[in-house]
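Participant: sequence first, predicted coordinates after that:
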Amino acid sequence: MSSTVAGLIQVGAILLVLALLWKPLGDYMARVFTSENHWRIEAAFYRLFRVDAATEQRWSTYAAGVLGFSFVSVILLYLLQRIQPLLPLGFDRGVDGNTVPAAMAFNTAVSFVTNTNWQSYVPETVLGHTVQMAGLTVQNVVSASVGIAVAIALIRGFVRHSTDRLGNFWVDLTRTVVRIMLPISFIAAIVLMAMGVVMSLRSGIDVVSVDGSTHTLPLAPAASQEAIKELGTNGGGIFNANSAHPFENPNALSNFFEYFLELVIPVALTRTFGTMVRNTRQGVVLAVVMGVIWLAFVALAWLSEANPNGPAAIAAGGAMEGKEVRLGIPSSILFAVSTTGTSTGAVSSMHDSYTGGAGGITLLNMLLGEVAPGGTGTGLYGILVLAIIAVFLAGLMVGRTPEYLGKKLGRVQVTAASISILAMPALVLIGTGLAIALPSTLDALNNDGSHGFSEVLYAYTSASNNNGSAFAGITVTSDFFQSTLGLAMLFGRFVPILAVLALAGSLAKQKRVEASAGTLPTDGALFGVLVGGTIILVAALTFFPALALGPIAEALS
């Protein structure tokens, strides 16, 4: 069977599986957040931490919960890394005498709490199992759950009227962890172990190479972290090669399962949205927009990698540099487009080795705002914000006050939506400009010219979008990169969240407006085209000059 046929089968299979799970998983998640019953384990948690589960919160209180929880998480994860020499299962790993340097610990703590999972270190040589499990894996679960909680709060803003209450952050967070993330990731970890992903508390195993020398292959409890890393669209690998490492991703079947985990919750959340607003066609429109962008980017990246313009790649019949032979071009592309279309950032191939066209697609996928289909929760509220912008633009065209799902979109709503979508471009362009202006940045790059520029642009795009993948040709261990990328992760995560929650609060206060003859239908193909066009238009106008200096110039060279 040719790789092309195998790739087409994978595309068909992933679309089929997602379609089959879209309704049951989406409806289940809707029931999770609309049920009035608390599980016993949840009730025990509320008693332990003195949470009044019956009390709902204003958007500002909900936001304070998000920020407070995340701040404490950053502090705890930072301290956990700094005291690693005192912890069990450390195996004398670390830097500078088994400690994690302050700048690196700050960057890593921010990275995992913001669901970015950017790694500026070699995990198997720097972090021991205790930090990996008690620190990184825990944050993989809760940071993903925070994103879903915020998305649910925005949905409630559309559903409710004449109220200033959006729910209870602590209840939403607890239910996401207990009823969604932990059960699915537990099953996924068992499946991954059955496929060959390692799960061990040993530090490593000694092997003798063909020349008689002895080498140590690090081991880790990889399956449990791999499951939630993909399911929660986190992406931080327990090995430096990430999902290109055979211990994390042994074969084509595990590769398929892993990018399935990346896509399944973001896609199903569109059904959750449709179910909660009592119009499932609204969710269908958003799912179709996400799917069309994903398919288009898969096709463009695949075409670019299968038809490279370099002499070595042409002679080889395809751009196989940086890809695992056991996966090939189609599987690598499917993983790459899925991981950058969500906020996962895991990699089963090295994006830095991609052709200019395919590398540009992975970059553009993030620059669209990661809405195809986006991260857990972040993808849904991201595309809803863009849908609001689309409705507003349509209202301007016909001279009517824009309405979406029975809510009028005025100055407050459009301002909040604009802040949400403008935060990321500002961080990307300012961060890239500062880095390029520094002479020391040239020493951090393995490439010059357009590809070197793309490496810097990709780094700040990945950080600001909370993705975490990288063009690995750039070395980001300096304090400048550790600090600026950490700040990009923080602002890229929490500025949109605050804007979205403020938007949700303003929507919930409104009375419902009945649809009239002049109301733009938002559950049909025309609106889907309008939303898709808005997504492309916003990115094209904002980032075309930067893309022209990087991947476009490289692709045309």
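Facilitator: That came in fine, so what should we check first? Numbers count the residues shown, from 1 in each chain.

Participant: stretch 145-153 - what's its average pLDDT?
Facilitator: Averaged over stretch 145-153, pLDDT sits at 98.

Participant: who's in contact with that stretch?
Facilitator: For stretch 145-153, the surrounding residues in contact (C-beta atoms under 8 Å, 6 or more residues apart in numbering) are 29, 33, 59, 62, 66, 69-70, 115, 166-167, 169, 172-173, 176-177, 180-181, 232, 265, 269, 272-273, 276, 375-378, 380-381, 497, 500-501, 504. C-beta: built from backbone N, CA, C; applies to glycine.

Participant: among those residues, which lie within strands?
Facilitator: Judged by DSSP state E, those include no members of strands.

Participant: report the buried members of those.
Facilitator: The neighbour-count test (16 or more other C-beta atoms under 10 Å) applied to those identifies 29, 33, 59, 62, 66, 69-70, 115, 166-167, 169, 172-173, 176-177, 180-181, 232, 265, 269, 272-273, 276, 375-378, 380-381, 497, 500-501, 504 as buried.

Participant: SS state for the nearest residue to Leu263 once chain neighbours are set aside?
Facilitator: Once flanking residues are discounted, Leu263 sits nearest to Ser338: 5.7 Å by C-beta to C-beta, 6 or more residues apart in numbering. Using DSSP: H, G, I helix; E, B strand; the rest coil, the structure places Ser338 in helix.

Participant: give me the pLDDT for Ser338.
Facilitator: 96.

Participant: what does Ala315 give?
Facilitator: 54.

Participant: might you report the residue contacts of Thr176?
Facilitator: Contacts of Thr176 by C-beta under 8 Å, 6+ apart are Val32, Ala144, Ser145, Ile148, Ala149.

Participant: now swap in Val17 and tell me
Facilitator: Contact analysis of Val17 by C-beta under 8 Å, 6+ apart lists Phe260.

Participant: quickly find the element holding it.
Facilitator: helix 3-34 (DSSP states H and E).

Participant: quick one: average pLDDT of that helix?
Facilitator: Mean pLDDT, helix 3-34: 95.

Participant: quick one: the strands in the protein?
Facilitator: Applying DSSP E to the chain gives strands spanning 204-208, 214-218, 403-404, 407-408.

Participant: most packed of the ones you listed?
Facilitator: Among those, ranked by average contacts under mean count of other C-beta atoms under 10 Å, first place goes to strand 403-404 (a mean of 22).

Participant: any regions of the stretch 101-250 of the chain where pLDDT drops low?
Facilitator: Along the stretch 101-250 of the chain, the model assigns pLDDT under 70 to no residue.

Participant: show me where the stretch 201-350 of the chain has helices.
Facilitator: 222-231, 252-276, 280-306, 311-316, 328-341 (DSSP state H, counting those that start in this stretch).

Participant: how about TSV for those helices, with distance to Met199 added?
Facilitator: Listed next are those as TSV, based on distance: least, C-beta to C-beta, whole Å:
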stretch	distance to Met199
helix 222-231	4
helix 252-276	13
helix 280-306	31
helix 311-316	36
helix 328-341	22
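
Participant: hmm, what's the outermost residue in the protein?
Facilitator: Within the chain, the residue lying farthest from the chain centre (C-alpha atoms, centre = their mean) is Gly212, at 43.2 Å.

Participant: list phi and psi for it.
Facilitator: phi 90, psi -10 (degrees, to the nearest 10).

Participant: residues in contact with it?
Facilitator: Going by C-beta under 8 Å, 6+ apart, Gly212 touches no other residue.

Participant: neighbours of Tyr458, how many?
Facilitator: Per other C-beta atoms under 10 Å, the neighbour tally for Tyr458 reads 30.

Participant: name the nearest residue to it, sequence neighbours excluded.
Facilitator: Tyr458 sits nearest to Phe471 (C-beta to C-beta, 6+ apart), 4.3 Å away.

Participant: what do you get for Phe491?
Facilitator: Using C-beta to C-beta, 6+ apart, the nearest residue to Phe491 is Leu427, at 5.7 Å.

Participant: and the one you found, how far from Ile205?
Facilitator: 42 Å (C-beta to C-beta, to the nearest Å).

Participant: pop out the phi and psi values for Ala53.
Facilitator: The phi/psi pair for Ala53 (degrees, to the nearest 10) reads phi -70, psi -20.

Participant: how many residues are close by it?
Facilitator: Ala53 has 17 neighbouring residues, counting by other C-beta under 10 Å.

Participant: go ahead and confirm it touches Phe169.
Facilitator: No - Ala53 lies out of contact with Phe169 (C-beta atoms under 8 Å); the separation is 11.2 Å.

Participant: any idea how far Ser111 is from Ala299?
Facilitator: Counting by C-beta to C-beta, the gap from Ser111 to Ala299 is 32 Å.

Participant: what about those two, which has more around it?
Facilitator: Of the pair Ser111 and Ala299, Ser111 is the one with more neighbours under other C-beta under 10 Å, namely 30 against 14.

Participant: for that one, which non-adjacent residue is spatially closest?
Facilitator: Distances taken as C-beta to C-beta, 6+ apart place Trp118 nearest to Ser111, at 4.4 Å, with adjacent residues excluded.

Participant: how close does the one you found get to Gly236?
Facilitator: Counting by C-beta to C-beta, the gap from Trp118 to Gly236 is 8 Å.

Participant: same check on Leu67?
Facilitator: For Leu67, the distance to Gly236 - C-beta to C-beta - is 22 Å.

Participant: same thing with Val414?
Facilitator: In terms of C-beta to C-beta, Val414 sits 35 Å off from Gly236.

Participant: need the nearest residue in space to Leu8, chain neighbours excluded.
Facilitator: Pro330 (7.8 Å).

Participant: buried set for stretch 150-158?
Facilitator: By neighbour count on 16+ other C-beta under 10 Å, the buried set for stretch 150-158 is Val150, Ala151, Ile152, Ala153, Leu154, Ile155, Arg156, Gly157, Phe158.

Participant: brain fart, stretch 119-127
Facilitator: Gln119, Ser120, Tyr121, Pro123, Glu124, Val126, Leu127.

Participant: hang on, the earlier thing: Leu67 and Gly236 - which one has more neighbours?
Facilitator: Shown here are Leu67 and Gly236; by other C-beta under 10 Å, Gly236 has more neighbours (25 against 13).

Participant: how far away is that one from Pro24?
Facilitator: Taking C-beta to C-beta, one finds Gly236 at 29 Å from Pro24.

Participant: how about Val131?
Facilitator: For Val131, the distance to Pro24 (C-beta to C-beta) stands at 37 Å.

Participant: for the two, indicate the residue with more neighbours.
Facilitator: Using other C-beta under 10 Å, the more surrounded residue of Val131 and Pro24 is Val131, with 26 against 11.

Participant: ok, the residue nearest to Phe527 when sequence neighbours are not counted - contacts?
Facilitator: Spatially, and ignoring its direct neighbours in sequence, Phe527 is nearest to Val285 (5.9 Å; C-beta to C-beta, 6+ apart). Val285 is in contact with Thr522, Asp523, Gly524, Ala525, Phe527, Gly528, Val531, counting by C-beta under 8 Å, 6+ apart.
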